[in-house]
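Engineer: coords below, sequence missing:
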Ligand code: UDX
């Protein structure tokens with residue numbers, strides 16, 4: 001690492017107001033600040049208040065002297081739930097109300113480079129162009145899903161889209177370069193489906209495609225991935241987007257770069273309160289005996305689905321640690337949204353149900369043998385780093401693509417996509433934990449070694465971060 005020098009660059013990092021976006025972009029912010037770039041991290045007030053309560057971010061500027069926080073309102077009333085089905089409304093609201101506020105900050109703070117969440121593509125590009133600030137996009141999704149989003153118009157041109165209905169779901173998509181014959185219609189991003197899942201936050205396919213194509217206007221794009229993980233797609237992507245920086249897995253990268261003092265406090269950048277009792281519970285479980293179950297920060301499930309998962313887990317006779325967020329049970333007409341008491345009681349014999357955990361630490365705990373996940377990109381890449389095989393139940397957006405990568409490209413787990421049945425859950429848990437354990441563990445361990453190599457000194461992601469910093473300094477002049 002180069003000796004610390006104060007940089008004249010001032011980077012504004014602007015994530016979408018959602019857990020899966022804020023945590024990876026905050027990891028990047030810390031990595032840039034470690035290298036003495038001036039970084040302003042712009043949150044909505046709601047997200048910032050939650051990070052202050054649950055992630056102790058107020059201590060960060062003392063640890064990273066060039067990192068500061070700024071906030072803007074998200075334009076929604078205080079009492080808005082900002083969760084579950086309505087979790088994308090803050091994103092839309094910021095797009096509508098945020099422009100003058102962002103303009104003000106860019107100008108007043110003399111920002112020299114804007115690193116914007118690609119989901120804010122048009123808004124951020126237009127402003128950057130108007131003010132004359134160079135812009136870089138950051139994508140919180142994997143390169144494969146980004147490429148799939150990008151390729152959607154060409155799938156319409158070649159008549160591979162639209163998906164006509166249930167009977168069409170197993171048709172193979174053959175023409176995405178680098179992903180030929182990998183995806184079936186059911187593995188395309190959920191936005192391509194004629195029928196969305198119940199309770200799924202709604203984003204129109206046209207918005208996803210147009211925001212993705214906005215990245216062509218950015219000076220560069222940064223991905224929280226590593227070259228060995230998505231090599232075939234990245235080589236195609238680089239032809240369309242010549243300046244790509246793959247710098248992930250960022251949480252691991254932060255750990256490998258940060259000096260001990262800055263790194264003594266672990267942080268999952270959580271906007272939920274972590275229930276640390278799960279760590280003591282894990283300590284008391286046998287080696288690789290626990291299935292860790294979590295569906296991220298947005299997924300909602302019906303009480304019927306919850307019961308199917310629960311029965312499958314109990315019938316598998318495995319131990320399990322299950323994150324059931326307080327807002328996870330889908331709202332329904334006059335229905336009870338609490339976790340049924342018999343499930344909580346019936347879990348106690350071999351399981352633990354909690355509201356939120358320090359996931360990165362849980363995944364690296366020696367007692368964890370598998371991860372039942374919705375395959376959000378952060379969860380997927382965190383599991384890859386920890387070398388933990390996955391059982392996938394994708395919910396929406398990029399997760400359908402990610403779970404296909406897990407099962408069919410990387411072969412580090414199984415994909416139960418579109419099925420929620422106690423027998424399937426039981427069988428898949430047994431396959432990953434017992435019957436095919438060695439096979440999955442071996443592939444997962446190989447991938448974990450590659451992930452760590454990529455962010456270690458001399459690895460591609462490590463070098464790409466240096467290149468990214470040089471690039472920021474160059475375009476900031
Ligand atoms: C969303 C999308 O679903 C995801 O696909 C996209 O890539 C980013 O935005 P989310 O659904 O929350 O994110 O999933 P994910 O990307 O996996 O992010 C969840 C984050 O919360 C992870 O970093 C995970 O470590 C953290 N988490 C989750 C906890 O710290 N504790 C928990 O109990 C559960």
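Structural biologist: Now that the structure is in, tell me what you want to look at. Please read all numbers here as calculations on a predicted model, not as lab measurements. Numbers count the residues shown, from 1 in each chain.

Engineer: from here on, contacts and neighbour counts on C-alpha atoms
Structural biologist: OK.

Engineer: what's residue 291 sitting at in phi/psi?
Structural biologist: Phi and psi for residue 291, reported as degrees, to the nearest 10, are phi -90, psi 120.

Engineer: Also residue 221?
Structural biologist: The phi/psi pair for residue 221 (degrees, to the nearest 10) reads phi -130, psi 140.

Engineer: Count the neighbours of residue 165 for me.
Structural biologist: The number of residues packed around residue 165, counting by other Cα atoms under 10 Å, is 11.

Engineer: List the contacts of it.
Structural biologist: Shown here is residue 165, whose contacts under the criterion Cα atoms under 8 Å, 6 or more residues apart in numbering are 193-195.

Engineer: So for it, what pLDDT did the model give?
Structural biologist: Here, the pLDDT recorded for residue 165 equals 92.

Engineer: Spatially nearest residue to the residue of the stretch 201-350 of the chain found nearest the ligand (excluding sequence neighbours)?
Structural biologist: In the stretch 201-350 of the chain, the residue found nearest to the ligand is residue 297; the distance is 3.7 Å by Cα to the nearest ligand atom. Once flanking residues are discounted, residue 297 sits nearest to residue 19: 6.6 Å by Cα to Cα, 6 or more residues apart in numbering.

Engineer: same deal with residue 462?
Structural biologist: Excluding its sequence neighbours, the residue lying closest to residue 462 (Cα to Cα, 6+ apart) is residue 455, at 4.7 Å.

Engineer: Return the distance of the residue nearest to residue 297 relative to the ligand.
Structural biologist: Residue 19 sits 5 Å away from the ligand when distances are taken as Cα to the nearest ligand atom, to the nearest Å.

Engineer: hmm, back to that, give the burial count for the residue nearest to residue 462, as a bare number.
Structural biologist: By other Cα under 10 Å, 27 other residues sit near residue 455.

Engineer: Would you agree it is in contact with residue 255?
Structural biologist: No: using Cα atoms under 8 Å, residue 455 makes no contact with residue 255, being 9.2 Å away.

Engineer: ranking the contacts of residue 165 by neighbours, who comes first?
Structural biologist: Looking at the contacts of residue 165 with neighbours defined as other Cα under 10 Å, the largest count falls to residue 193 at 20 neighbours.

Engineer: pLDDT value on residue 268, please?
Structural biologist: Each residue has a pLDDT score; the one for residue 268 is 72.

Engineer: go on, residue 244?
Structural biologist: Value listed for residue 244 in the pLDDT field: 98.

Engineer: now do the one 5 residues further on
Structural biologist: Here the pLDDT value assigned to residue 249 is 98.

Engineer: Quick one: residues contacting it.
Structural biologist: Counted by Cα under 8 Å, 6+ apart, residue 249 has contacts 224-226, 381-382, 385, 451, 455.

Engineer: just checking, which of those residues belong to helices?
Structural biologist: When these are checked against helices using DSSP state H, the ones located there are 381-382, 385, 451, 455.

Engineer: Residues of the stretch 351-477 of the chain that sit close to the ligand?
Structural biologist: When proximity is defined by Cα under 6 Å from any ligand atom, the stretch 351-477 of the chain lies next to the ligand at 356-360, 376-379, 398-399.

Engineer: and what of the stretch 51-200 of the chain?
Structural biologist: Contact residues of the stretch 51-200 of the chain with respect to the ligand, defined by Cα under 6 Å from any ligand atom, are listed as 140-141.

Engineer: need the contact list for the residue in the stretch 51-200 of the chain that the ligand sits nearest to.
Structural biologist: Among the residues of the stretch 51-200 of the chain, residue 141 lies closest to the ligand, at 4.3 Å counting by Cα to the nearest ligand atom. With contact set as Cα under 8 Å, 6+ apart, residue 141 has these partners: 223-224, 377, 398.

Engineer: so is residue 152 in a helix, a strand, or just coil?
Structural biologist: Secondary structure, DSSP: H, G, I helix; E, B strand; the rest coil: residue 152 is helix.

Engineer: Nearest spatial neighbour of it, chain-adjacent residues omitted?
Structural biologist: The shortest distance from residue 152 to any non-neighbouring residue, by Cα to Cα, 6+ apart, is to residue 209 (7.1 Å).

Engineer: What's the local residue count around the one you found?
Structural biologist: Other residues within reach of residue 209 by the criterion other Cα under 10 Å amount to 18.

Engineer: Surely it touches residue 148?
Structural biologist: No: between residue 209 and residue 148 there is no contact, the gap being 9.5 Å when judged by Cα under 8 Å.

Engineer: Who wins on neighbours among the residues of the stretch 351-477 of the chain next to the ligand?
Structural biologist: residue 376 (29 neighbours).

Engineer: Could I get the pLDDT score of it?
Structural biologist: Predicted confidence (pLDDT) at residue 376: the value is 98.

Engineer: which residues sit against stretch 343-354?
Structural biologist: Stretch 343-354 is touched from outside by 275, 278, 281, 307, 310, 314, 317-325, with contacts defined as Cα under 8 Å, 6+ apart.

Engineer: scratch that, stretch 272-281 is what I was asking about
Structural biologist: So stretch 272-281 is contacted by 50-51, 53-54, 321, 352, 354-358, 362 (Cα under 8 Å, 6+ apart).

Engineer: burial count for the residue nearest to residue 297?
Structural biologist: Other residues within reach of residue 19 by the criterion other Cα under 10 Å amount to 19.

Engineer: swap in residue 167?
Structural biologist: Here the count is done by other Cα under 10 Å, and residue 167 has 8 residues near it.

Engineer: cool, and residue 467?
Structural biologist: Applying the criterion other Cα under 10 Å, we find 14 residues in the vicinity of residue 467.

Engineer: Then the one 4 residues further on?
Structural biologist: Residues near residue 471, counting by other Cα under 10 Å, number 14.
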